[in-house]
Every structure is written in structure tokens, then in C-alpha cells.
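> After the sequence you'll find the predicted model.
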Protein chains: 4
Amino acid sequence: MDYASILQEIQQESNGFPTKGNVTLTIPELAKVSPNKFGIHLTTIEGGDFGIGDSNEKFSIQSISKALTVALAFSFLDEKIWERVGVEPSGTAFNSLIQLEHEKGIPRNPFINAGAIVIADMLVSCLKNPKDDFLAYIRLISGSPTIEYNLDVAQSEKDTRFRNAALANFLKSFGNIENDVDVVLDFYFHQCSIEMTCNELAHSFYFFANEGKTKEGKQILTKSQVKRLNALMQTCGFYDESGEFTYKVGLPGKSGIGGGIVALFPKVFVVATWSPKLNRKGNSELGMHALELLTNKTGMSIF
Amino acid sequence: MDYASILQEIQQESNGFPTKGNVTLTIPELAKVSPNKFGIHLTTIEGGDFGIGDSNEKFSIQSISKALTVALAFSFLDEKIWERVGVEPSGTAFNSLIQLEHEKGIPRNPFINAGAIVIADMLVSCLKNPKDDFLAYIRLISGSPTIEYNLDVAQSEKDTRFRNAALANFLKSFGNIENDVDVVLDFYFHQCSIEMTCNELAHSFYFFANEGKTKEGKQILTKSQVKRLNALMQTCGFYDESGEFTYKVGLPGKSGIGGGIVALFPKVFVVATWSPKLNRKGNSELGMHALELLTNKTGMSIF
Amino acid sequence: MDYASILQEIQQESNGFPTKGNVTLTIPELAKVSPNKFGIHLTTIEGGDFGIGDSNEKFSIQSISKALTVALAFSFLDEKIWERVGVEPSGTAFNSLIQLEHEKGIPRNPFINAGAIVIADMLVSCLKNPKDDFLAYIRLISGSPTIEYNLDVAQSEKDTRFRNAALANFLKSFGNIENDVDVVLDFYFHQCSIEMTCNELAHSFYFFANEGKTKEGKQILTKSQVKRLNALMQTCGFYDESGEFTYKVGLPGKSGIGGGIVALFPKVFVVATWSPKLNRKGNSELGMHALELLTNKTGMSIF
Amino acid sequence: MDYASILQEIQQESNGFPTKGNVTLTIPELAKVSPNKFGIHLTTIEGGDFGIGDSNEKFSIQSISKALTVALAFSFLDEKIWERVGVEPSGTAFNSLIQLEHEKGIPRNPFINAGAIVIADMLVSCLKNPKDDFLAYIRLISGSPTIEYNLDVAQSEKDTRFRNAALANFLKSFGNIENDVDVVLDFYFHQCSIEMTCNELAHSFYFFANEGKTKEGKQILTKSQVKRLNALMQTCGFYDESGEFTYKVGLPGKSGIGGGIVALFPKVFVVATWSPKLNRKGNSELGMHALELLTNKTGMSIF
């Protein structure tokens, strides 16, 4: 497969794509990002690396981090994590409190905010120095020792924390947060503030496509475990647009409101895109379009 | 009307009433109260005072305070308070977050927790020394200078604050809280911790039944304003059991999870009951029963 | 009280009232009504009758009939009707199916469509010739032997029945409809199609204000029963605007999408208004305004 | 891959599996089925056929038919079908009306009842003789000219139709049903009543796994179209347990309350299971278990 040519075609066809969305306004620090950034990086399990556009520029991975925290929690607790969070699509927006009330504080899945906060609470309990240890984990799986939190972004999320603080307190009222709410939220805001390039992001998810092993050969999860997390990304990775993404793109993946998307074809490749303009559902418009083009051009959908 | 005899009859008939409910467990400090307490005090606008049972024993008025904070906020802001809180029955439990999400942070009415927290926020903005000034107001309207906050109860509510903290943060995320969440909650937990006897409670609501004037003749609200707040108590005063109370008792009133209920017949009387065992909806079982007996025996319903 | 003068004042002040609402479009036959009709009739228990404007013109009473069917069902089944329908405000629109799903087919109250359909089913079971017998009942309580169904309106409701057919089938799926769905709906569409003048409407509700007795002295319900139905109208009579009506007008009443409203002050008067332009909640804009003026001018609120 | 041996292992291990579920009670005719039936049939694209247990016994495919009606509607209308039904998981039970109210009559996906009824309406519009033509289509794709409707089951569904009649009328009230409600429901009840063996069911879905072509080489849909429908089965095929099935089994599939499940690995195999005892979510307990074993033993998940 000539991925280099295909990415170039996508870049050309994406130029004319009429994006109507906007950069997120929910976190002031992220609202400063240039809306026209666009990059893609694709890394194959065979060893190829292909990048276009702004693929080596850092951006805030935001909710994409939720797939990495659940992977780390899974390595500590395995199937026990599902006692406190589900594996079903929510059918509602990423920050909704409604289902939580009906379902007694058990979030539908770890990719909506409520679920990710429960996972953050698990990591705060499991890790000795939660923020340091999680950063070390990210550096390990990505092979990039320079990945950092963006402290301005983390602070900006804290300053506008009220919806997430509502979720965390609500979860705590049902007994589904063990630690202090402020400590859990501090960890959560930091995980969301991690910055990566498309290149780094693709490599961070390499082990999901490589039966649990990083590019450097480190076994992070078992083959069966990554299979299960890939399945979870398929049904729940794009908030209440997960069905649409699965329908159009046909690959498991995860998006973030920083405009990043990562998707993967098991045993074949991982691809990361970045374009900050978001559609109504909070997913990158151009990123989704680019990945649909990629699936169509390569014929590589898992379905 | 021979209220003294009627109250005695009610006391006798209530002895045999099979209450199945329990003292509230949501606030540990309140869970310590003896479940078998029972008192009634009725004060007439003509000047009569009639008490039975434990009517001179202090209890935590809890949500009954919501009618008093809304009265105080009404005296500052008049109809402007309805820009931030509605006047409709909620149809859901007192601490539900569901409607709030659909209705963009405008609580249905000031008697559900979310609405009362918005009112608390208004008072924090309006009052110079919110806690002191509110206590002074309570002492003024009741004519009882010894009414106090119970600081152990306030602390107990703070220690188990998570549901209310979720509501307050949620409201803040919609821009419907002006002040710091912790400051507003501190005021709210104090207002709920006020202790009164049935006698004091009946006198505190005297002005609602007396066209806005206290027993001592002080005009607290206009005649039209108390009419409107009485109407509001009628439709919303008993959480999602307001319809039932109106149907059976036919008087405007307000309940609290401390087991207190206050109800009034405009221009005729105010009556306060206390019995800590609550039904499924969070209202005092025996209190509701006693008030139904009172309406039946006196024939005094507003309908 | 000089009701004649007050009604004239109301008529004058209402002329300038800027109604933005529209005549209902949900039932084609009703959409033909002239939007500028406006009438009021007030009848006192003492024997006075006061009418202004189009108070002697017929209009479709629509949902106002729900108070009359529940009165008739109450006379057959008394408190047993509450086994199949509640007495709580719904907090949702009049034709919502949502609560019904959560609450297993028991409608919140008899004044939302679902509840009224359950009451219609009870009458189909209780009455020998349901449509004839109900019409006879209406003629009896109103003292007007010429009141009729409007068969064109009934047919128009049948032709556009789908939402109500959904409700009736949904209720049947929970076992809360005994008779054939089509038979129940036929009765329901007929009851809604009844036409009255403001004058006739006020007299139809006379017994609610007169301790259960019609103007002609016939005891329709007991004193306690009408008290209870008045209470129910207070909390539930205006769909999800019941709180607003209670707050502003302070009288029990019932509205219909034909633009009629009836309200009453127990032991004093019954008043009926008609103006077809509806607000967003489906209640007559001018009718609500006129009744607010009436309460303000007379000082006669029950609160 | 030695599918024959693997199926035998599954059969043995399934014998000891403690199923707690029950045969569906919602349709009386289906409640008569023996609860201990169990069969599997697996057909490979390479041409192998492997059956165990009751794999040649007919059962009611029920909701599995929804994947076949959507395939037929897709061949007529292509992407235009998504103007009237979505592609997102619902997050709620298969027969819920709640989302439909919020979302103005556009069902979340074609595999919940509301969505399937909209698809049935499309087919009633597209097909000359809907019931005959659909049966012909089923015989064509399965290669089994003897497949039939079970008229007793269709009648039984009609006799207990009230929930589905509520859905259809509700959809019609939003303008999302073109034809007469009774005609659409008659078609819908017939499609659900189709009976197949596991063998026939596996062959009916052969074209989903074979890039749109039946075993006999007939092109039913394009390669891209079946990819998209497979994606849809993955996210929505198992009601509010779709996430769980994806997580555990990792194959696109569809279940029915007759106890059947069909799943497929694109370009490799189709597998059909039958065991009538259902779990709380309405999916065959033993069928799901057997497919989880199959994925684990073969290592053949798409993720």
C-alpha cells in the first residue's frame, strides 16, 4: 500500500473541505489555537512512518488521554475496573449527568467524562505519584521521553472546572470516587493537558494495534486486553457520534476536543490526525473526513 | 373552632397510626434523633396558641428554611428572582440533576435543592454578613431571639455534601451561581441547620398567613407577595409529593427532612408539626397524617 | 363586590394586551376559529351572572372536559380511581410519553392526555352508553339541555389522532386500558369536542364552587370530593404551566386548547374566559391575563 | 482452522453453563418453545459448513430480520434511509419511546423497534407486494426456497401489539410513517415471524461477510454497503448490550428474542447460534457465551 501517496491525496482533497466548525471554547487556553492547523501521521506495524502537514506540531490530546488511562488502569485491575464503569455507548453527550442519576453513579463507559473521572480515581489509588507515574507511562508507550503536561492548559481546565466538579461530586455521592474530589480532578485535568504531535500520538497507540506490544517491544497489555479496549473504542470512542464514526470510517479510535483523533487497524497501522475545528458533537470535522477518505482509498476497514 | 380539643383528638388518633418510615440517614447528625418524637403547634391570627406533645422541643428545620430564604430574597429582589429560578413543580425528587441539564441551569422552583442553592447565592450577594444577617431575619420574623444554627448539623451536612456540591457546581457551570461554590454551600448548610420548636416554627410563618405582617406587626412582605409565596408552597412545597399533600390536606405548606412540616390557612392559622419518621418521598409520615386529620376535623381547607 | 364594573375594566385593559400566541394548529377544525374572540362570564354562588364580549358564543372546551370526566368517574369509583392515575403535577408537556415509560403506565394526573385517556377508559366501563350518558351528565351539571358534541371536531381529532393513539396503545401495553383502544379514543375525542359558551362553562363548574351542588340544587359530589378535585386543578390544571397560573392567579382552574379557561373561588364564584390565541404552553394568553387582572382587582385569591 | 472440533468443544463447555434466563414471555406463541434447544452453524467463505446440536431446527428469527429489512431498504434507497433513521447506539431498551420524543421521531438506529418500523414503512412503500416480495428476497439471499412466515407467531404479535402500536403511532405523529399504521405493523409482525434454522440463518447473512455476494454469487449490496451495515451491527446490533457483545465477542452481529444470534467475520465466516433462554437485556445467554468461546478459541476477533 502506497501510504505516502494516499496521505498526499487526502491532504489535497481536504483543503477544499468546507469545515463549518469552531475551535473549542470550553477551555480558554485551547481557544487560542490556530484553527487551520492540519496534520496526519500514519505508522505501520511493519515499520513505515508517513506524515503530512502539521504532523510534528504539539497539540493538546485532551480526551484521547482517556484511552491511555483506561489502558494503565486495566494493567493494574484487569476486568475489575468494570465493577465501577460500564462498556456500553452512552447515547448522550460526553458531559451529561442524566444517565448517572438513573444508573446510580456507574458511568456507561470510561470515555465519557464521568467514566474517565472514575478511572482517574482508580489511578490515584494505584499509583504512588500519580501525575509523575502517568507521565512516565506515556513516555514509555510512545517512546518519546519529552512528552509533557501543559500546565497552563491544566490550570485553565481547573479554572473552568464546574461541570467536571459537578460530575466528580455526583460520583462521590454515589460512593464511586474513593479519593478526595479535588485530588482526582487535579489528576484528570493534567492527563487531559498532555501535548503530543500526531507522530507521537500514533506511536502512543502503537501497542493497541500490535497485540499489546510497543514499537520497542515492551508488552503493555495482553493480546486479549488490547482487543477488548479496541472494541470499546469502536463503540464508545466518539461520544454520541461513535456510531457515525464506525459507520463511515470502520476503525476503532478516540477523539479529543483539542482536535486530535487516533484510529487503528489491528496488526496493520495506527493513524493520528489533528485539525482543531470541531463539529457539533465535539469531534474534529476535518479529522473525521480525512479518516473516511483513508478508509475509502485504502479499502482498509475492519468490517 | 375548638382547636385545643381537635389537637388532642389528633394526638390520640395519631398514636395508633402505623408509620413505616425512618428517620433520615442522609445527614449523620440527624440520624441520631429519637424517631418517636411528635409535636404540633397551632397559632391563630386571632391570637390563640395551642400545642401538644413535643411542640416545645427543638428540631432541625432543614428544607423548611427554603421558604424563609426565598421570602428574604423576595424582599430584596421581588419578581427579579424568577429570572434565575422557576415557579413550576418539578415532578422529580428534591435533589435531582436531570431537569437542570435539560433546562440549562434554571431550577424549576426554589424548594428543590438546586433552586434553594440559587436563592442562597442571591442572599450571599445581597447580605453584608450572610449567616449573621439571615439569623437576625429569622429571629425577627419568629419573635424568638434565641433561635440558633446547630453547628454540628451544619458540619455534618458539609461532610456529606457531595450531592449538593454536584448541584452547586452544575449550576455554576451554567452561570447561575455568582459567588464561590464553597461560600454558597456554607451558607446553605447553615440555613438548613437552624433549629426551632413547633411553636417557633408556627410563629416564623405567621406573616405568610397574616398578609405579610409578623405577630409583632412588622411588615415583612406585601400582601400580594405572601399570596404568591403561599401559592408557590402549594404547588411545590413537598417535593414530588406536592400534589398528594394538596389533594389530602389542601393547605399551602413546606416540609423538611428533619421531620417538620408547616402549613397555613391564610388569615386564619399557622400550624407546625414534627415527627422524624419520613415516607419514601422524604416527608414526615405522621405530620402529613396529622394535617390531613386537622383539615378533615376543622373542614378548613382553602379549596 | 361590583363584578360588572371589574369585568368591564378587564375588557378595556385586555384590548391593549399584546398577544403573540396563535390559535391551535394541532386540530385542523379548531384552526378555523377567529383568533380575536374574547369573552368572560362570571357567576356567583349568591346568584349573580356577569358576562362581557363573546361570552355567549360556543367554543370547543377541549381539555376542560377532563375535569368533568374525572368528576363523573369520581362519582362512580371514588378514591379507587387513584389506583390507575396519580395526583402529582407532571412537570412535562401535556402529551408527553416519557414519564409514562418510567412509571409503568400510571399517568401522573388525570389532566394530562394519558391520564384523561385512562379516565375515559373507566367511563367506557362504567357507563351503559358512554357518549350519550356523558352528554346527559354535562347537560345536568350545566343546566343547559342544548349542549352538544361537535362531530366535525371529533372527526378532525380522530383524523389526527396519532399522538393520542400512541398514548392509548402505550397505556394498554402496561395493562392500564381495559377496553378496546379505538372505542376509548372515540369517547375521548367526543368529550373534547363538546361546545359551550363561557356562560354554560361557568355553570358547568358551579358545583365545584358550591360544595358539590349544582345551581339547581342537585348534589353531584360530596363537599370533600369537590375540595379534592379543586386541589387537583390547582396543582395540575394547566399542564406544565400550573405553577405559573397558581402563582399569578391563585385560583384552581382548568384550561383547554380551544382557548377556554375556567377558574373558581370556592363558595364565592366561578369564572370562564375564552380567547383562542395560545401561549407556548398551550394555554390562552389573554385568558390567563384576564384572570390575573381579576384576582388583582378583586383581591380574591385563595392564598 | 479446525472449526468442527472447536464447535464440539463449545458444545461441551456450554452444557455446563449456568443459564438463569428465560424464554421470552412477550409473545405467547414464542413462550411455547423448549428452553433447552441449542444449536450452532458456522459457514466459511471458503465453503465449509459446520453444525452442532439443534442447528437444523427452525426457530423464529424475530429482530434478526431487522438486519435483512435494512439491507433490502438500503438496496432501494442507499444513504437516503438515514434521513429517517440514525446510525447511533440508543443506550436504551429496544422498545423505548423516550429518545423518540426528544429526537422528534427520528429513531436512533434501524435495530431498535422504532427504527425497524420506519424501515418496514419504507419497504411497504418500495415493494409492490411487500410480504411476498420480502419473503422472495429472504429465499434469494439464503438460497433456501422453503423459508416461510409463521402465521401463528405473526398473529400472536398482532394480538399483543400495543407497545409496537404505540411506537408506530408516535412515529406517525412526527410524520415519520408514510403508510397506514396497521399495514406497516402487519408487515413488521410478518418479518419478525420468519423461521429459519441456524444453517439457513448463517447462509442468509453470507453476503454480509462476502463483500455483498451470496454463496450463489448474486451481488446483493456493494462491498462498501455491507461494510457499513456490518459497522452498524457492531455498534447497535444487541440493543443496550451492544457494547458488551462487542467487548466480549468482537464481531458484528444481530440478536433476536427468539434466542437466535448471527455474527460474522468479514471475508472469513458467518456463524448462527440458537438458545431460547434470554438474559435481562433480551439476548440469548448461551448464544452470547458460545460466541465468546468461539472468539477466544479461534482468536478471530476483528479487533
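That came through fine.
> quick one: contacts for the spatially closest residue to residue A:154 that is not a sequence neighbour?
Once flanking residues are discounted, residue A:154 sits nearest to residue A:193: 4.0 Å by Cβ to Cβ, 6 or more residues apart in numbering or on different chains. Bear in mind the C-beta positions are built from the backbone N, C-alpha and C, glycine included. Each residue near residue A:193 by Cβ atoms under 8 Å, 6 or more residues apart in numbering or on different chains is listed here: A:60, A:149-151, A:153-154, A:157.
> what's near enough to touch residue A:52?
So residue A:52 contacts A:7-8, A:10-11, A:39-41 (Cβ under 8 Å, 6+ apart).
> Let's see that with 6 Å instead.
For residue A:52, the contacting residues are A:7, A:11, A:40, by Cβ atoms under 6 Å, 6 or more residues apart in numbering or on different chains.
> helix/strand/coil for the second one?
Assigned with DSSP: H, G, I helix; E, B strand; the rest coil, residue A:11 falls in the helix class.
> and residue A:258, what element?
In the assignment (DSSP states H and E), residue A:258 maps to no helix and no strand.
> cool, and residue A:263?
Assigned by DSSP H and E, residue A:263 falls in strand A:260-265.
> quick one: strands adjacent to that strand?
strand A:253-255 (antiparallel), strand A:269-274 (antiparallel) (DSSP bridges).
> CA atoms of it as PDB?
In PDB, the C-alpha atoms belonging to strand A:260-265 read as follows (Å, rounded to 0.1, in the frame of the first residue of the first chain):
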ATOM      1  CA  GLY A 260      -7.000  15.200  17.600                       C
ATOM      2  CA  ILE A 261      -8.200  11.800  16.500                       C
ATOM      3  CA  VAL A 262      -6.300   8.500  16.700                       C
ATOM      4  CA  ALA A 263      -7.600   5.300  14.900                       C
ATOM      5  CA  LEU A 264      -6.000   2.000  14.200                       C
ATOM      6  CA  PHE A 265      -6.300  -1.100  12.100                       C
END
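> What number of residues are in the vicinity of residue A:299?
10 (other Cβ atoms under 10 Å in any protein chain shown).
> Kindly report the same for the one 3 residues further on.
Taking other Cβ under 10 Å as the criterion, the count of residues near residue A:302 is 26.
> Please apply the same query to residue A:80.
11.
> Likewise for residue A:260?
26.
> Okay, it and residue C:224: tell me how far apart.
67 Å (Cβ to Cβ, to the nearest Å).
> same deal with residue A:109?
53 Å.
> Neighbour count: those two, which is higher?
When neighbours are counted by other Cβ under 10 Å, residue A:109 and residue C:224 differ, and residue A:109 comes out ahead with 25 against 14.
> doesn't residue A:206 make contact with residue A:215?
Yes. Contact criterion Cβ atoms under 6 Å: residue A:215 and residue A:206 qualify, at 5.0 Å.
> Taking the stretch 1-150 of chain A, what residue is nearest to chain B?
Of all residues in the stretch 1-150 of chain A, the one sitting closest to chain B is residue A:97 (4.8 Å; Cβ to the nearest Cβ).
> Now for that residue: which residues touch it?
A:170, B:97, B:101.
> same thing but 7 Å
By Cβ atoms under 7 Å, 6 or more residues apart in numbering or on different chains, the residues touching residue A:97 are A:166-167, A:170, B:97, B:101, B:170.
> which residue is nearest the centroid of chain A?
Closest to where the C-alpha atoms of chain A average out (Cα atoms, centre = their mean) is residue A:64, at 1.4 Å.
> Quick check: phi and psi at the closest residue to that residue other than its chain neighbours.
Leaving out its chain neighbours, the residue that sits closest to residue A:64 by Cβ to Cβ, 6+ apart is residue A:256, at 4.2 Å. Note on residue A:256: its backbone torsions stand at phi -140, psi 160 [degrees, to the nearest 10].
> go on, residue A:84?
phi -120, psi 0.
> and what of residue A:55?
phi -70, psi -10.
> Lowest-confidence one in the contacts of residue A:52?
Within these, pLDDT reaches its minimum at residue A:11, with 94.
> what kind of secondary structure is the closest residue in space to it that isn't next to it in sequence in?
Take residue A:11 and drop its neighbours on the chain: the residue closest to it by Cβ to Cβ, 6+ apart is residue A:52, 4.9 Å away. Here residue A:52 is strand, with the state taken from three-state DSSP.
> Show me what residue A:52 is bridged to.
What pairs with residue A:52, by the bridge criterion (DSSP bridges), is residue A:40.
> in stretch A:140-156, what's buried?
Buried residues in stretch A:140-156, defined by neighbour count with 16 or more other Cβ atoms under 10 Å in any protein chain shown: A:140-142, A:144, A:147, A:149-150, A:153-154, A:156.
> and which of those residues is nearest residue A:228?
Comparing the buried residues of stretch A:140-156 against residue A:228 with Cβ to Cβ places residue A:141 closest, at 17.1 Å.
> Show me what the helix or strand that contains that closest one packs onto, helices and strands only.
Per DSSP H and E: residue A:141 is located in helix A:130-142. In terms of contacts (3 or more Cβ pairs under 7 Å, 6 or more residues apart in numbering or on different chains; DSSP states H and E), helix A:130-142 is packed against helix A:65-77, helix A:113-126, helix A:181-192, helix A:198-204.
> Of these, flag the one that's most buried.
helix A:198-204 (a mean of 27; mean count of other Cβ atoms under 10 Å in any protein chain shown).
> Please see if whichever helix or strand comes after that helix touches chain D.
Following helix A:198-204 in sequence order, the next helix or strand is helix A:206-209 (DSSP H and E). No. Judged by Cβ under 7 Å from any Cβ of the partner chain, helix A:206-209 makes no contact with chain D; its nearest approach is 9.1 Å.
> quick one: helix A:206-209 to chain centroid distance?
Helix A:206-209 sits 13 Å away from the centroid of its parent chain (Cα atoms, centre = their mean, to the nearest Å).
> Same check on stretch A:51-65?
For stretch A:51-65 - counting by Cα atoms, centre = their mean - the centre lies 11 Å from the chain centre.
> can you give me the end-to-end distance of that stretch?
21 Å (Cα to Cα, to the nearest Å).
> ok, and for that stretch, which residues are buried?
A:51-55, A:57-65.
> Please list the residues of the stretch 101-250 of chain A that sit near chain D.
A:108-109, A:227-228, A:230-232, A:234-236, A:240, A:242-244, A:246-247, A:250.
> could I get the helices and strands packed on helix A:130-142 as a markdown table with mean pLDDT and distance to residue C:274?
A markdown table is the format used below for those (pLDDT from 0 to 100; distance: least, Cβ to Cβ, whole Å):
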| stretch | mean pLDDT | distance to residue C:274 |
| --- | --- | --- |
| helix A:65-77 | 98 | 58 |
| helix A:113-126 | 97 | 50 |
| helix A:181-192 | 98 | 56 |
| helix A:198-204 | 98 | 66 |
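> Residue A:32: which of these is closest?
Using Cβ to Cβ, the nearest of these to residue A:32 is helix A:181-192, at 16.0 Å.
> The closest residue to residue A:278 other than its chain neighbours: neighbour count?
Once flanking residues are discounted, residue A:278 sits nearest to residue A:21: 4.7 Å by Cβ to Cβ, 6+ apart. As a burial measure, residue A:21 scores 19 neighbours (other Cβ under 10 Å).
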